[in-house]
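what's the 3D shape of this:
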Amino acid sequence: MARFCLFLAVLGLMALGGWLYAREWAPDRGAFPTQGVSVSSDNGSIDWGTLAAQGADFAYIRASRGGRLRDPAFEANWAGARAAGLRYGAALDFSLCARASEQATGFMTMVPRDNAALPPVIRLAFEPGCRARPGQDAVLSELNTLINLIESHAGTPVLLNVSDDFDAQYAIASGINRTLWLDRNFVAPDREKRKWVMWTANDMRHIDGIDGPVRWDVMAR
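Here you go, the predicted model:
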């Protein structure tokens, strides 16, 4: 029994050590010199000066989700990132439960025209609470409409931040010719299989300036 308890204690310490390591981990700057965060109102109040001092080079800031949610922290985060000297860009969380025109209107209402901003991002992931699963043709059609409207507003091509399960169901990478941003904790996606320019390397990172976990992203060279 004593040995079994000792074994469990060792396992617990190993798990704790792994968790502590994971929450601090970021890719090597030699391989990925430009690194930053994705934020929204879910992250609470952000100390942008501290965040910049901790090594964030850029921030992608959620402007809206679906057709109705305008992120209440967008304006403060947009201004805070600019004031701290970070590069900044706006993101929209796509919803299968809202029309493309409604989602574009929500985004364009929130995001000012800004030639200094990074290209806008459309995040494609299954939304909690939305059970709609249209066919591939319908999704690609709606997504193309959304892309055209946002690109017309921003004056630059969008990035598509595609989750693995969303891409597996709708084949976004092969159906729409846009630059990709992929998610893969701790292990970089294979660029030979799918070309990408952005990678969410750790979606559980803890860093000074933000309470709780934050998505830590890197740009490809």
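
Which residue ranges of the protein form helices?
Ranges of helices in the chain, per DSSP state H, are 2-24, 48-53, 74-83, 100-110, 136-154, 164-170, 172-175.

Could you list the low-confidence segments of this protein?
The model of the chain has pLDDT under 70 over residues 1-21.

So for it, which residue is the most central one in space?
In the chain, the residue lying closest to the centroid (C-alpha atoms, centre = their mean) is Ser38, at 4.9 Å.

what's the neighbour count on Asn202?
Asn202 has 23 neighbours, counted by other C-beta atoms under 10 Å. In short, each C-beta sits where N, CA and C put it, glycine included.

And the one 5 residues further on, by the same measure?
Each residue near Ile207 was counted by other C-beta under 10 Å, and the total is 18.

check contacts around the closest residue to it other than its chain neighbours.
Distance criterion C-beta to C-beta, 6 or more residues apart in numbering; nearest residue to Ile207, sequence neighbours excluded, is Gln54 at 5.1 Å. Counting by C-beta atoms under 8 Å, 6 or more residues apart in numbering, Gln54 makes contact with Ile207, Asp208, Gly209.

out of the residues you listed, which one sits closest to Leu86?
Gly209 (11.1 Å; C-beta to C-beta).

Would you confirm that the closest one contacts Gly44?
No. Using C-beta atoms under 8 Å, Gly209 is not in contact with Gly44, being 10.8 Å away.

So the two - more neighbours on which side?
Taking neighbours as other C-beta under 10 Å, Gly209 and Gly44 compare with Gly209 leading, 19 against 11.

which ones are touching Ala104?
Contacts for Ala104 (C-beta under 8 Å, 6+ apart) come out as Thr145, Leu146, Leu149, Ile150, His153.

ok, now with 10 Å
Ser64, Gly67, Leu92, Ile122, Thr145, Leu146, Ile147, Asn148, Leu149, Ile150, Ser152, His153 (C-beta atoms under 10 Å, 6 or more residues apart in numbering).

now do Arg191
Residues near Arg191 by C-beta under 10 Å, 6+ apart: Leu180, Leu182, Val197, Trp199, Ala220.

Isn't the third one up against Met219?
What it means is Val197. Yes. Contact criterion C-beta atoms under 10 Å: Val197 and Met219 qualify, at 6.5 Å.

Those two: which has the busier surroundings?
More neighbours surround Met219 than the other of Val197 and Met219, with 18 against 15 (other C-beta under 10 Å).

and the more buried one, what does it touch?
Contacts of Met219 by C-beta under 10 Å, 6+ apart are 32-36, 57-58, 87, 118, 181, 196-199.

which residues do Val197 and Met219 both contact?
Residues touching both Val197 and Met219 (C-beta under 10 Å, 6+ apart): Trp181.

Check the gap between the residue nearest to Ile207 and Arg205 for me.
10 Å (C-beta to C-beta, to the nearest Å).

So which of the contacts of Gln54 sit within strands?
Nothing among the contacts of Gln54 maps onto strands, per DSSP state E.

And these, which is closest to Met110?
Gly209 (22.9 Å).
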